[in-house]
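S.K.: below is the structure, and that's it, no one-letter string:
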């Protein structure tokens, strides 16, 4: 059942919040052991919240659009009083002391949180195999990865273990698992959604966004979580003019269809282009800096990671491993508490920011980032939307790429440019990715709904 | 390529530990990643500014430097790995 269908059923008293929550909890009990999508299920809280919602409806209140909607929340988004571990050992016992902005908004809107979902540790990975709590499996094929890092959230939605979910996207962590699990995933414009209460990975790239069964559901959730928040100075209030989006032309960037794109994916994107051409004008465009985007990302991201991860040192919260002195305590706590991929990125970030290397790496990457952003700006002067594949290959086998970081990194090659430029992008169950100019999410929804028909 | 001595120095700077086997693999992995990102060296950036914000027109926002009572102190203190009374306990610094 989608959010919209559930809302109609709830309004017409065809179902209750409690009945719906119980059906999801039953499904989780049956299937989560093999799927490992949830790290923890909030059974008691979810049932209590559902009871409150049903009582309000019984007393004659008109239910809001998100009342009783059972959601899965990625384990790097804080819910007060609950563990938020970012699937890391170092935060295994960390209890959130406040609610993320998006959590507050969803709670106010009447949504119910079913539990916290598995992910690559601190959102670093593309397969959910980097979790300290075991890999999540792809519900469409249990021998394959669900993608990552929001793999638990995508698997929960695809497997029917949640009506919808929240994830976070730094280089593709919502869109790549959405494509692998054949669900809808939205990375909003940078600044459209507050990052307050999101455990930071690379702050200039991170965004929270919805994973859902339909474009309409993703839109409902996006409208519920977006907005200005004084706790995140990069969040922006953008008032939509209310007028319907006017999408006339869609650009196809030739750089996204070169070497490395799987033939089957190319074929399915070609079919989508054909469908879009019934309603929109299709133009071939060029985003010439695409080839540099991945290199640029693998400098900027680890640089920001090395700085953001410095706070996990076993001193004020999280797991501590005592050494002889304070410095040794830092090293031991981080050595024991952080997984290999996280430590690898911390080291890489430390390297590119070290004295003597700054200009060659970080400064250069920041300049290339400006060029990647300019590519999009130029393209959007001639087209209203861009269509591209989300991923170059279909879901790979569990274990296939875990020992080859470069091969793993290449699976984000089509999603990273949108993060660098800060533009919004929507992935559909077919694997198609629509990209729009800043704050034009409504264009994504319009074309996305057309493709869904 | 990145040398063993450099890796040891970086481990120290970043305050992380790696096992012997991990270190060996690390040298290989970092070498491959750096070789890949080195492609950027040939990019012409002569006309490009450093991009420091994901959006144009975003400015730093300052707040008043005034005190505010936090309601979180109990929860924050409860999260300390080791404490004595309400004090955070750490190893000697000197």
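M.R.: Done, it's in. Treat the numbers as computed from the prediction; the structure is a model and nothing was measured.

S.K.: how far away is residue B:23 from residue A:335?
M.R.: 11 Å (CB to CB, to the nearest Å). Using the backbone N, CA and C atoms, a C-beta is placed for each residue, glycine as well.

S.K.: which of those two has more residues huddled nearby?
M.R.: Ranked by neighbour count (other CB atoms under 10 Å in any protein chain shown), residue B:23 and residue A:335 place residue A:335 first, with 19 against 14.

S.K.: list the contacts for the more buried one?
M.R.: Residue A:335 is in contact with A:321, A:343, B:16-18, counting by CB atoms under 8 Å, 6 or more residues apart in numbering or on different chains.

S.K.: hmm, 10 Å instead?
M.R.: Counting by CB atoms under 10 Å, 6 or more residues apart in numbering or on different chains, residue A:335 touches A:321, A:323, A:328, A:343, B:11, B:15-19, B:22.

S.K.: and which of these is nearest residue B:86?
M.R.: Nearest to residue B:86, judged by CB to CB, of the contacts of residue A:335 is residue A:321 at 23.4 Å.

S.K.: hmm, residue A:329 and the closest one touching each other?
M.R.: Yes - look at residue A:321 against residue A:329 with CB atoms under 10 Å: they come within range, at 6.9 Å.

S.K.: so where's chain B shaky on pLDDT?
M.R.: Applying pLDDT under 70 to chain B flags no residue at all.

S.K.: centroid-nearest residue for it?
M.R.: residue B:14 (7.6 Å; CA atoms, centre = their mean).

S.K.: give me the neighbour count for the residue nearest to it when sequence neighbours are not counted.
M.R.: Leaving out its chain neighbours, the residue that sits closest to residue B:14 by CB to CB, 6 or more residues apart in numbering or on different chains is residue A:350, at 4.3 Å. Counted with other CB under 10 Å, residues neighbouring residue A:350 total 25.

S.K.: confirm residue A:350 sits in a helix?
M.R.: Yes - counting by DSSP: H, G, I helix; E, B strand; the rest coil, residue A:350 is part of a helix.

S.K.: ok, it touching residue A:361?
M.R.: No - the criterion here is CB under 10 Å, and residue A:350 misses it with residue A:361 at 11.4 Å.

S.K.: doesn't residue A:252 fall inside a strand?
M.R.: Yes - per three-state DSSP, residue A:252 lies within a strand segment.

S.K.: now for it, how many residues are close by?
M.R.: Neighbours around residue A:252, by other CB under 10 Å: 18.

S.K.: please apply the same query to residue A:407.
M.R.: Residue A:407 has 14 nearby residues by other CB under 10 Å.

S.K.: list the contacts of it.
M.R.: A:126, A:396, A:400-401, B:32.

S.K.: following the host helix or strand of it, which helix or strand comes up?
M.R.: Element membership for residue A:407 (DSSP states H and E) is helix A:405-409. For helix A:405-409, the succeeding helix or strand toward the C-terminus, using DSSP H and E, is helix A:416-421.

S.K.: so for the helix or strand following that following helix, what's the average pLDDT?
M.R.: As assigned by DSSP H and E, the chain's next helix or strand after helix A:416-421 is strand A:425-427. Strand A:425-427 shows a mean pLDDT of 98.

S.K.: tell me which helix or strand comes right after strand A:425-427.
M.R.: Where DSSP H and E defines the elements, the next helix or strand beyond strand A:425-427 is strand A:432-435.

S.K.: tally up the residues packed near residue 58, please.
M.R.: Chain wasn't specified; assuming chain A. 10.

S.K.: not quite, I wanted chain B
M.R.: By other CB under 10 Å, the residues close to residue B:58 number 16.

S.K.: what sits closest to it if chain neighbours are left out?
M.R.: Per CB to CB, 6+ apart, closest to residue B:58 is residue A:234, 6.3 Å.

S.K.: the one you found touches residue B:52, doesn't it?
M.R.: No - under the criterion of CB under 10 Å, residue A:234 makes no contact with residue B:52, lying 11.5 Å away.

S.K.: settle it for me: which of these two has more neighbours?
M.R.: It is residue A:234, of residue A:234 and residue B:52, that has more neighbours when counted by other CB under 10 Å, with 19 against 10.

S.K.: where does the closest residue to chain A within chain B sit: helix, strand or coil?
M.R.: Scanning chain B for proximity to chain A using CB to the nearest CB identifies residue B:17 as nearest, at 2.9 Å. On the three-state scheme (three-state DSSP), residue B:17 is labelled coil.

S.K.: could you measure from the residue lying closest to it once chain neighbours are set aside over to residue A:343?
M.R.: Distances taken as CB to CB, 6+ apart put residue A:335 closest to residue B:17, at 2.9 Å, once the chain neighbours are dropped. Relative to residue A:343, residue A:335 is positioned 8 Å away (CB to CB).

S.K.: name the residues contacting each of those two.
M.R.: Between them, residue A:335 and residue A:343 share these contacting residues under CB under 10 Å, 6+ apart: B:11, B:16-18, B:22.

S.K.: sorry, back to before: from what I can see the residue nearest to the centre of chain B touches residue A:352, true?
M.R.: No - Residue B:14 is not in contact with residue A:352 according to CB under 10 Å; the separation is 11.9 Å.

S.K.: stretch A:288-301 near chain B anywhere?
M.R.: Yes - using CB under 10 Å from any CB of the partner chain, we find that stretch A:288-301 touches chain B at A:289, A:291-292, A:294-300.

S.K.: of these, which pair is most distant in space?
M.R.: Every pair in the residues of stretch A:288-301 next to chain B was compared (CB to CB); the two farthest apart turn out to be A:291 and A:300, at 16.2 Å.

S.K.: comparing those two, which shows the higher neighbour count?
M.R.: Neighbours were counted for residue A:291 and for residue A:300 using other CB under 10 Å; residue A:300 has more, 25 against 13.

S.K.: show me what from the stretch 151-300 of chain A comes close to chain B.
M.R.: So the stretch 151-300 of chain A meets chain B at A:189-192, A:203-207, A:230, A:232-236, A:289, A:291-292, A:294-300 (CB under 10 Å from any CB).

S.K.: give me the subset of those lying in strands.
M.R.: residue A:207 (DSSP state E).

S.K.: among the residues of the stretch 151-300 of chain A next to chain B, which lie within helices?
M.R.: A:291-292, A:294-300 (DSSP state H).
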